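Novice: sequence? don't have it. structure:
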């Protein structure tokens with residue numbers, strides 16, 4: 001059974017705010033919206049792995065291209081959060097994430 005990819009059409013509305021938290025992380029939900037839209041070629045003016053996204057990538061130490069492959073597999077936000085937590089090279093304490 002082939003997975004149906006769901007995406008946000010960023011030519012019609014913006015991605016989630018970078019302040020929206022997913023698993024306590026800011027930027028992540030927005031990055032996922034931009035990644036899914038990029039895969040569907042509906043990203044409009046928004047760029048996946050932008051300078052803002054890079055703050056999260058550096059903070060956690062994960063590969064943004066590998067994350068894009070996980071998004072292409074049709075995984076939901078919860079599954080992606082688990083992937084990010086498992087593949088982050090820089091473990092962070094809860095207080096660091098909150099800050």
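Specialist: Cool, got the structure. As the structure is a prediction and not an experimental result, all values here were calculated from the model. Numbering: from 1, shown residues only.
Novice: ok, the closest residue to residue 11 other than its chain neighbours - contacts?
Specialist: Nearest residue to residue 11, sequence neighbours excluded (Cβ to Cβ, 6 or more residues apart in numbering): residue 44, at 4.2 Å. Every C-beta, even on glycine, is put in place using the N, C-alpha and C of the backbone. Residue 44 sits next to 10-11, 37 when contact means Cβ atoms under 8 Å, 6 or more residues apart in numbering.
Novice: quick check: ChimeraX command selecting the buried ones in those residues.
Specialist: Selection of the buried residues among these in ChimeraX, burial being defined by 16 or more other Cβ atoms under 10 Å:
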select :10,37
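Novice: out of the contacts of residue 44, which are inside helices?
Specialist: Those of the contacts of residue 44 mapping onto helices are residue 37, per DSSP state H.
Novice: now render the contacts of residue 44 as JSON lines, adding pLDDT and distance to residue 96.
Specialist: Shown next, in JSON lines, are the contacts of residue 44 (pLDDT from 0 to 100; distance: Cβ to Cβ, whole Å):
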{"residue": "10", "pLDDT": "96", "distance to residue 96": "30"}
{"residue": "11", "pLDDT": "94", "distance to residue 96": "36"}
{"residue": "37", "pLDDT": "97", "distance to residue 96": "29"}
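Novice: give me the pLDDT for residue 4.
Specialist: Residue 4 is assigned 52 on the pLDDT scale.
Novice: is it true that residue 16 touches residue 33?
Specialist: Yes. Using Cβ atoms under 8 Å, residue 16 is in contact with residue 33, at 5.5 Å.
Novice: circling back: what is the nearest of the contacts of residue 44 to residue 77?
Specialist: Nearest to residue 77 among those, counting by Cβ to Cβ, is residue 37 at 14.3 Å.
Novice: ok, so what distance separates that closest one from residue 44?
Specialist: Separation of residue 37 from residue 44 (Cβ to Cβ, to the nearest Å): 7 Å.
Novice: how about residue 52?
Specialist: Look at residue 52 and residue 44: by Cβ to Cβ, they are 16 Å apart.
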